[in-house]
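[1] one predicted model, sequence on top.
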Amino acid sequence: MTSVRQLVQDAGVSASAYSYGFLDETAKREIRRKTLKAIAIPGYQVPFGSREMPVSRGWGTGGMQLTLSLVGPDDVVKVIDQGDDAGVNAANIRRLVERTTGLSTTLETAMASIIQSRHRIPEEALRSDQILVLQVPVPEPLRNVERRVSAARVMHAERDYSKMWLALYEDIVRRGEVSFGAGYPVMVHGRYIMAPSPIPRWDIPLLNQSDALYLFGAGREKRIYAVPPHTSVEPLQFDDYPFAVEDFDGKSCARCGANDTFLEESISEVGMPRFRCSDTAHCDKVLESREVGT
Amino acid sequence: MSITPQLTSAAARDQHVFRALISCFARPGTIGRIPHDKSFGSNSSASVASSVGRCLLDHEVSFAFAGMDHALAEHLLRVTAARSTDLSEAEYIFAAPEQMISALDVANIGTDEYPDQSATMIVLCDGLGTNGTLLSLSGPGIPDVRDLNVQGVVPEAFDVLSDINADYPLGVDLILVSSDGSVACIPRTTRAEIQWKRDVD
Ligand SMILES: [Zn+2]
């Protein structure tokens, strides 16, 4: 894999060997056209001509292309990987943005105008002047029930989601619950079933009637889709088996003490389960406010 | 120490226009600001439309004109290298307000499998935000209802737009621009009801 460090060193000849934001203007223009169509048809996957990026596909190239087509001189960018600003993936993308645009980046959710994320939505409520870009490995929510891309496209076209509902039903019969952990399928604006990317169920309600715009980019599979603000996003569910978020009842973050965040479990030195906020920036903020408060 | 690539003035304008469009598409009926394309002369709605064209058009897409003078078409052909085509095939249609209905009648609304392969219509209206036709907008991007005043477009044009977009997800997405640099968008998900009309002098 080409590392960003190597790219930047190679480009040390002159970073101006490539464009502002790495992508050339033709590539940006196509992504911009497709992004507007994606917003106009919430949850529909718009094909685009995904470009080669200086990291391997699967490392967020779809999200990266969206972010780099959006950014301008007034932006402040935040990048997180599974809630963590310090993740390797996040650090690489952050460095790419900094080196190719000169923009400043931030760890604070509230400071960012554009947030690129993998597998999480920040705990802190997003504002109407913020855009969240989510990296998507598998954009097709029907993948597990229909492997043929063209057949899945027809199912979306006809709004024929019977196979998906049947799969959910069988899941409940077999396991007593819907087994989707991350990436729980949702219905957008009552029309398209959409893969929300592998975010936990915890984050699904944040997509519904949000103040912020959500953009989704799948680089390998060349798809862009969107959830505009104030749009209905409903998890697929049955009346007698309603959707539920992960249960952290009685648990709290061992670091900041929060009991209202998505927690990640680890095993402590003495072998006891231990929980921590997955959103590290939020954890820092809670911790800070506690310290100031006492 | 590497040198950070610079944003050229054209690229800066395109980025600025895109962010105005994305914001207005995400929040239908809100009014954004778009810089005039200074290379297209005067501060007219055409030079605002030109900025939109330069942000979105290149050799990969086609466009058509409805009831417009040739100057803008020739300018966009030259600076974007987009293909000029018939109204019924164009991905981007630039329309004078009085031609909006006839252009909508033939505009491409996409297919069931590819509803994104449909026309985006840019209408050069006389003003946005005050006077003219008052539209009551609802749908994605709008908490409850949002009002939008549009000048210079006959109210019936929005009835035609509603009829076409009733066949969602097929439809046409509308970008309204005016000479002061105002822009507002009505994507196909938006229901636009005519609340009130007043003749503009
Ligand atoms: Zn915490």
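    Yep, it's here.

[2] so what's the backbone phi/psi at the residue of the stretch 101-250 of chain A found nearest the ion?
    Closest approach of the stretch 101-250 of chain A to the ion (Cβ to the ion) occurs at residue A:123, with a separation of 9.3 Å. For the C-beta atoms, the positions are set from N, CA and C on the backbone; glycine is no exception. Here is the backbone geometry of residue A:123 (degrees, to the nearest 10): phi -60, psi -40.

[3] could you report the neighbour count for it?
    Residue A:123 has 22 neighbouring residues, counting by other Cβ atoms under 10 Å in any protein chain shown.

[4] quick check: it touching residue A:279?
    Yes: counting by Cβ atoms under 8 Å, residue A:123 touches residue A:279, with 4.6 Å between them.

[5] give me the common contacts of the two.
    Overlap of the contact sets of residue A:123 and residue A:279 (by Cβ atoms under 8 Å, 6 or more residues apart in numbering or on different chains) consists of A:261, A:262.

[6] residue contacts, residue B:176?
    Counting by Cβ under 8 Å, 6+ apart, residue B:176 touches B:122, B:123, B:125, B:128, B:150, B:153, B:183, B:184, B:185, B:186.

[7] in contact with residue 159, which residues are there?
    I went with chain A, as the question did not name one. Applying Cβ under 8 Å, 6+ apart to residue A:159 gives the contacts residue A:191.

[8] please go with chain B instead
    residue B:194.

[9] which residue ranges of the chain form strands?
    If you meant another chain, say so; for now it's chain A. A:46-47, A:77-81, A:114-118, A:131-135, A:186-188, A:192-194, A:213-218, A:223-227, A:233-235, A:263-267, A:273-277 (DSSP state E).

[10] I was after chain B.
    Under DSSP E, chain B gives strands at B:32-33, B:62-66, B:83-84, B:92-95, B:120-124, B:127-139, B:142-151, B:173-177, B:182-186, B:191-196.

[11] most centrally placed residue in chain A?
    By Cα atoms, centre = their mean, chain A has its centre lying nearest to residue A:134, at 2.6 Å.

[12] from what I can see that residue touches residue A:216, true?
    Yes: the pair residue A:134 and residue A:216 passes the contact test of Cβ under 8 Å, sitting 5.0 Å apart.

[13] mutual contacts of those two, please.
    Joint contacts of residue A:134 and residue A:216 (Cβ under 8 Å, 6+ apart) are A:196, A:197.

[14] which helix of chain A spans the most residues?
    helix A:25-40 (DSSP state H).

[15] which helices and strands does that one pack with?
    For helix A:25-40, the packing partners by 3 or more Cβ pairs under 8 Å, 6 or more residues apart in numbering or on different chains; DSSP states H and E come out as strand A:46-47, helix A:61-70, strand A:213-218, strand A:223-227, helix B:9-26, helix B:45-56, strand B:173-177.

[16] other SSEs contacting the fourth one?
    Of the remaining helices and strands, those touching strand A:223-227 by 3+ Cβ pairs under 8 Å, 6+ apart are helix A:25-40, strand A:46-47, helix A:61-70, strand A:213-218.

[17] could you rerun that using 6 Å?
    helix A:25-40, strand A:213-218 (3 or more Cβ pairs under 6 Å, 6 or more residues apart in numbering or on different chains; DSSP states H and E).

[18] check the offset of that strand from the chain's centre.
    11 Å (Cα atoms, centre = their mean, to the nearest Å).

[19] same thing with the last one?
    From the chain centre to the centre of strand B:173-177 is a distance of 2 Å (Cα atoms, centre = their mean).

[20] pairing partners for that strand, with directions?
    Partners of strand B:173-177 in the sheet, by DSSP bridges, are strand B:120-124 (parallel), strand B:182-186 (antiparallel).

[21] export the ones you listed as JSON lines, with columns for mean pLDDT.
    Output for those, formatted as JSON lines (pLDDT from 0 to 100):
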{"stretch": "strand B:120-124", "mean pLDDT": "98"}
{"stretch": "strand B:182-186", "mean pLDDT": "98"}
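
[22] picking up where we left off before, okay, the strands of chain A, which one's buried deepest?
    Among these, the stretch with the highest mean neighbour count (mean count of other Cβ atoms under 10 Å in any protein chain shown) is strand A:223-227, at a mean of 28.

[23] adjacent strands (with direction) for it?
    Checking strand A:223-227 against DSSP bridges gives partners strand A:46-47 (antiparallel), strand A:213-218 (antiparallel).

[24] in CSV: the ones you listed, plus distance to the ion and mean pLDDT.
    Formatted as CSV, these follow (distance: least, Cβ to the ion, whole Å; pLDDT from 0 to 100):
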stretch, distance to the ion, mean pLDDT
strand A:46-47, 37, 98
strand A:213-218, 24, 98
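
[25] for residue B:196, find the nearest of those strands.
    strand A:213-218 (30.0 Å; Cβ to Cβ).

[26] give me the angle between that closest one and helix A:61-70.
    Going by axes from the mean of the first three to the mean of the last three Cα atoms, to 10 degrees, strand A:213-218 is angled at 130 degrees with respect to helix A:61-70.

[27] from the chain's centre, how far out does strand A:213-218 sit?
    Distance, centroid of strand A:213-218 to centroid of chain: 7 Å (Cα atoms, centre = their mean).

[28] show me where pLDDT drops low in chain B?
    Applying pLDDT under 70 to chain B flags the ranges B:1-2, B:197-201.

[29] so which bits of it are right by chain A?
    B:2-5, B:7, B:11, B:15, B:18, B:25-26, B:56, B:58, B:112-113, B:115-116, B:140-143, B:169, B:173, B:187-188 (Cβ under 6 Å from any Cβ of the partner chain).
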